[in-house]
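Colleague: no sequence on this one, just coordinates:
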Ligand code: NAP
């Protein structure tokens, strides 16, 4: 039996176990997906221990995505983002990848029917998710404007992303005028029914992805729907980052419908 897992702290409410185990069942793979909460001081020993025990793959979440980058050989994208969310133990040495970037891109393209190549895209947020999403959209061919509460972080991030610019939140209405893609990569909308984007700046030519997935229907997505925009909820990004990890680990196409079903069932049960 193969073992996959998630390393973070806390991981008790993770949606990844049911999502990945649904994929193993559908593809008839004898595997389990378990969660691990190592102390910060034990992180290096945990990754090395997983390798020594024959664990096949690990996802990595808050607060360890940046630190794991220094513990394994990373691919170009994870190096540029500066964070690893997937470790593959299948090769000669453990390798680190970042599937959040492709997760956001696939969510926009598959569920939002967005055409990123040549698009003007706006990413709100310059934290961990913002970094991954900005690189993912730029790799898809979009010109990315990054807007963040702390403007300096947006400017710093934009310096690392091809064709990107950095801004404060105050200029969002101007940035959104010609944009066709908008991603909220802040945590705004999670704790309270709030949005980082003024409703009257939204319009019908936008595809809007909210990385927040609890709640699924955020105020931003409700405002976007009212403005006639196409909306994509955060569970789609979560699903496709998981699908990308599954594909990296197994070399097989992810059964996204089964994974989506398991993910949304757990989200409904948690409500
Ligand atoms: P993070 O690194 O802590 O970054 C938080 C971001 O939110 C920063 O840009 C921060 O701006 C901004 N922010 C926080 N409070 C704000 C407020 N009141 N007004 C305006 N901006 C505010 O967090 P993260 O890891 O990037 O995660 C961000 C969100 O993405 C979380 O909700 C997380 O669950 C979600 N996420 C979803 C997926 C998925 O697959 N769907 C994947 C990863 C993350 P400052 O820089 O000014 O502090």
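Modeller: It's in. Please read these numbers as outputs of a predicted model, since none were measured by experiment.

Colleague: how's this protein carved up into domains?
Modeller: Here the domain assignment for the chain is 2-98+236-270, 101-232, based on automatic domain parsing.

Colleague: is the first one anywhere near the ligand?
Modeller: What that stands for is domain 2-98+236-270. Yes - against the ligand, domain 2-98+236-270 shows contacts by C-beta under 6 Å from any ligand atom at 62, 237, 238, 241. For glycine as for every other residue, the C-beta is placed from the backbone atoms N, C-alpha and C.

Colleague: surely the first one is in contact with residue 128?
Modeller: So that's residue 62. Yes - under the criterion of C-beta atoms under 8 Å, residue 62 makes contact with residue 128 at 7.3 Å.

Colleague: the two: which has the busier surroundings?
Modeller: residue 128 (20 against 13; other C-beta atoms under 10 Å).

Colleague: quick one: residues contacting the more buried one.
Modeller: With contact set as C-beta atoms under 8 Å, 6 or more residues apart in numbering, residue 128 has these partners: 62, 65, 66, 83.

Colleague: can you give me the strands for the stretch 1-150 of the chain?
Modeller: For the stretch 1-150 of the chain, strands defined by DSSP state E, counting those that start in this stretch occupy the ranges 2-7, 31-36, 57-60, 73-74, 86-88, 95-97, 120-124, 143-147.

Colleague: then the stretch 151-271 of the chain?
Modeller: Using DSSP E, counting those that start in this stretch, strands in the stretch 151-271 of the chain cover 164-167, 181-184, 207-210, 230-232.

Colleague: can you add mean neighbour count and mean pLDDT and give those strands back as CSV?
Modeller: As requested, the strands of the stretch 151-271 of the chain are exported to CSV (neighbours: other C-beta atoms under 10 Å; pLDDT from 0 to 100):
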stretch, mean neighbour count, mean pLDDT
strand 164-167, 20, 98
strand 181-184, 28, 98
strand 207-210, 29, 98
strand 230-232, 21, 98
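
Colleague: need those in TSV with distance to the ligand, can you?
Modeller: As requested, those are arranged in TSV below (distance: least, C-beta to the nearest ligand atom, whole Å):
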stretch	distance to the ligand
strand 164-167	11
strand 181-184	8
strand 207-210	8
strand 230-232	10
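
Colleague: in a markdown table: those, plus distance to residue 119.
Modeller: Output for the strands of the stretch 151-271 of the chain, formatted as a markdown table (distance: least, C-beta to C-beta, whole Å):
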| stretch | distance to residue 119 |
| --- | --- |
| strand 164-167 | 13 |
| strand 181-184 | 5 |
| strand 207-210 | 9 |
| strand 230-232 | 13 |
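
Colleague: and of those, who's closest to residue 36?
Modeller: strand 207-210 (28.4 Å; C-beta to C-beta).

Colleague: which residues does the closest one contact?
Modeller: Residues contacting strand 207-210 (C-beta under 8 Å, 6+ apart): 104, 107-108, 112-114, 180-184, 189, 202, 218, 220-221, 224, 229-234, 236-237.

Colleague: tally of neighbours for the residue in the chain positioned nearest to the ligand?
Modeller: Residue nearest to the ligand within the chain (C-beta to the nearest ligand atom): residue 127, separated by 2.0 Å. Residue 127 has 15 neighbours, counted by other C-beta under 10 Å.

Colleague: let me know whether stretch 106-122 sits next to the ligand.
Modeller: No - against the ligand, stretch 106-122 shows no contacts by C-beta under 6 Å from any ligand atom, the least distance being 8.1 Å.

Colleague: any residues touching that stretch, and which ones?
Modeller: 105, 137, 140-147, 172, 175-176, 178-183, 207-209, 230-232, 236-237, 239-240, 243-244.
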